[in-house]
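**Student:** Show me how the following folds:
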Amino acid sequence: MLAEPKIKSLKDLVEGATRDELIWISGYIAALTGQPIPEKLSKELAPSSPSALSGSTIVYGTETGNSKKVAVDFSNRLKKQGIQSKIKSLDQYRLTDLSKESCLLVVISTQGDGEPPEAAKKFYDHIQQNQLSLNHLKYGVLALGDSAYPLFCKTGEDVDNRLNQLGAQRIIPIKKCDVDFESDANAWINDLINTAIASGADAVAPTVTAKPTAEPKPAKPGRKIYEGTVVKSINLNDKGSNKETYHVEITTEEPISYEAGDAIGVVAKNNQTVVNKILELLQLSGEEILQYKDGSYKARDLFTNKLSIQYLPTRVIQVYAKMVDKEIPSIRMDLADLLRIYPADKTLDVQQLVSIIGTIIPRLYSISSSPLAHGENEVHLTVSRNTFNVDGHLRHGLCSDYLSTLKEGTTLQIYVQKNNAFKLPAADKDVIMIGPGTGVAPFRSFLFERDAQAATGRNWFFFGEQHFVSDFLYQTEMQSFLETGVLTKLNTAFSRDQEHKVYVQHRMQQHAAELFEWIENGASIFISGTKEPMSVDVEKTLISIIAQHKNIDEQKAVEYLGSLKESGRYHKDVY
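**Tutor:** Residues are numbered from 1 along each chain as shown. Next up is the predicted model:
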């Protein structure tokens, strides 16, 4: 460290310098430091205490790859400072190592309704469910999220608070980053490195848990919004099917920037029939002006475009119960049903009502088109219309119902959600794709992309659904890919076409030897579709196949699969 007078002199020199002078000074210092440093000066420059980051471990939990990208950049920047660190995905991190760490740096995202990413769940549960002693640990948490969701960066907050409760000491406070995370993440990393290096091993932030209100208000999402027009909407299921799966094509006036493996974000609008019913129950014309968040809206626009009026959380139900002074069960229900079954005996404060209701959150759908094959002004989605029964009444999921009922010519707003963790390998590498149901979406994109690339790598697709006749999504295209050689192998499993149900994992087991041969020869594995039970069963089958054909035990097979993930050859996009 420089003495105070020297620091002041240096600041005076730099602050008064022109750009050209700063460049000259920079070159002069670089030239000086390129020479052998005199022994006396070397002793003066030696740090008086080690950095708090020495021997640190950087762990990341990610679904789309953003946290990994930040963690890798973090590690590289530490190395430039001469600080060695380890970097691990949280699904590969040994939980027993936590008690041995001196410094843990966590980069973690939040999924859906405040949930940790799948890769981070074991770590998250471990620290939440165990009373660990971490008084020896210094840490920092960088949280990634999307402020369009109510529980913005909730996982990062939970991890930060829990580590603090267990006795660990913050180096600097948590930083919550929105979708345009790069600048905030860079600033936090710089702050952490500078704080640790300047203050040494004893530098930590106060251990009092920061109140949420003390956090700066998150920036507005920086995503690019595209105006799209529906040009085609086709039900892919045939007569007699129990399902409705729609192929939706959307065009844009301006080029839309995406890659195979990315997703499209859609903010749905509420059904007009339901909105009319709510306005009627509230005795509103729809023209009234209501305040919501940071804006003013006409009542009809607010209930149509902003408010999440389906499946209200129990928290909202109970606040409403106090407003109307009635006993209401702690169950989830739609706003229209709530107002109809439990009407207010006195005039209801509509402004107060809308203030307790959440915002419609975007839904993500894997893109099923390829920019190389379908052009830069078009995206395709594969949408399963979610249908369920509530008290004898047929209901539909908000966004799937919205998209599947859009007429050709209808306009909507969309945005691209990058998924860096679900990208095709080089064109000469083999690919194994496992995607039953709407899990076919990104693989349709992959196959069109590989075809347009004239890729030489082989492609193997496992697809499953209920019935061959009515539910073979994109059947004609898949058979064409098979005939032209784009698809090397296609194995299907139609679960209801025989007495015993057959799923994709059963087909994998039937072809276990060849499947393992592909993996050993460098193939990348991709899984898309429902998280449970499909992706769990498929992963168990992969572990079983690896153990059997590599002649190792289950734990070694799990580690083998983990090594594939670390090397970028095992990917999941599940929901």
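**Student:** alpha carbons only for contacts and neighbour counts from here, please
**Tutor:** Fine.
**Student:** Tell me which helix or strand in this protein has the weakest average pLDDT.
**Tutor:** In the chain, no helix or strand scores lower on mean pLDDT, DSSP states H and E than helix 39-45, which sits at a mean of 39.
**Student:** so after that one, what's the next helix or strand?
**Tutor:** strand 56-61 (DSSP states H and E).
**Student:** what sits up against that next one?
**Tutor:** Defining contact as C-alpha atoms under 8 Å, 6 or more residues apart in numbering, one finds that strand 56-61 is touched by 67-68, 71, 75, 84-91, 93, 101-109, 116-120.
**Student:** So which of those residues are in helices?
**Tutor:** Ser67, Lys68, Ala71, Ser75 (DSSP state H).
**Student:** Which residue ranges of the stretch 251-400 of the chain form helices?
**Tutor:** Ranges of helices within the stretch 251-400 of the chain are 272-281, 299-305, 314-324, 335-341, 350-355, 371-374, 398-404, based on DSSP state H, counting those that start in this stretch.
**Student:** The stretch 451-575 of the chain too?
**Tutor:** 468-471, 475-484, 504-510, 512-520, 536-550, 554-566.
**Student:** Which among those is found nearest to Asp191?
**Tutor:** Distance to Asp191, taken as C-alpha to C-alpha, is lowest for helix 554-566 among the helices of the stretch 451-575 of the chain, at 28.5 Å.
**Student:** hang on, the earlier thing: now, of the contacts of strand 56-61, which are buried?
**Tutor:** Neighbour counting by 16 or more other C-alpha atoms under 10 Å classes 67-68, 71, 75, 84-85, 87-91, 93, 101-109, 116-120 among the contacts of strand 56-61 as buried.
**Student:** confidence score at Lys121?
**Tutor:** Looking at Lys121, its pLDDT is 90.
**Student:** my bad, Thr209
**Tutor:** 32.
**Student:** returning to what we had before: how about JSON lines for the helices of the stretch 451-575 of the chain, with distance to Ile360 added?
**Tutor:** Below are these laid out as JSON lines (distance: least, C-alpha to C-alpha, whole Å):
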{"stretch": "helix 468-471", "distance to Ile360": "31"}
{"stretch": "helix 475-484", "distance to Ile360": "34"}
{"stretch": "helix 504-510", "distance to Ile360": "34"}
{"stretch": "helix 512-520", "distance to Ile360": "42"}
{"stretch": "helix 536-550", "distance to Ile360": "30"}
{"stretch": "helix 554-566", "distance to Ile360": "34"}
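**Student:** Tell me the bridge partners for Phe463.
**Tutor:** Thr492 (DSSP bridges).
**Student:** quick thing: my sequence starts at 520, can you match it?
**Tutor:** Taking 520 as the first residue, the last one we looked at is Phe982.
**Student:** Correct me if wrong: it contacts His1025.
**Tutor:** No. Counting by C-alpha atoms under 8 Å, Phe982 stays clear of His1025, with 11.4 Å between them.
**Student:** For the two, work out which one has more neighbours and name it.
**Tutor:** For the pair Phe982 and His1025, the greater number of neighbours falls to Phe982 (25 against 16), based on other C-alpha atoms under 10 Å.
**Student:** got a list of what the more buried one touches?
**Tutor:** Ile953, Gly954, Pro955, Gly956, Val959, Leu1009, Asn1010, Thr1011, Ala1012, Val1023.
**Student:** 10 Å instead, please
**Tutor:** By C-alpha atoms under 10 Å, 6 or more residues apart in numbering, the contact set of Phe982 is 952-959, 962, 991-992, 1009-1013, 1022-1024, 1026.
**Student:** ok so, going back, tell me the residues that contact both of Phe982 and His1025, please.
**Tutor:** Thr1011, Ala1012.
**Student:** Quick check: which helices or strands does the helix ranked longest in the chain pack against?
**Tutor:** Longest among the helix segments of the chain by residue count, using DSSP H, is helix 701-718. Contacts defined by 3 or more C-alpha pairs under 10 Å, 6 or more residues apart in numbering; DSSP states H and E place helix 701-718 against helix 585-599, strand 657-663, strand 694-696.
**Student:** And the shortest one, how far out from the chain middle?
**Tutor:** Translated: strand 694-696. Remark: strand 694-696 is offset 15 Å from the chain centroid, using C-alpha atoms, centre = their mean, to the nearest Å.
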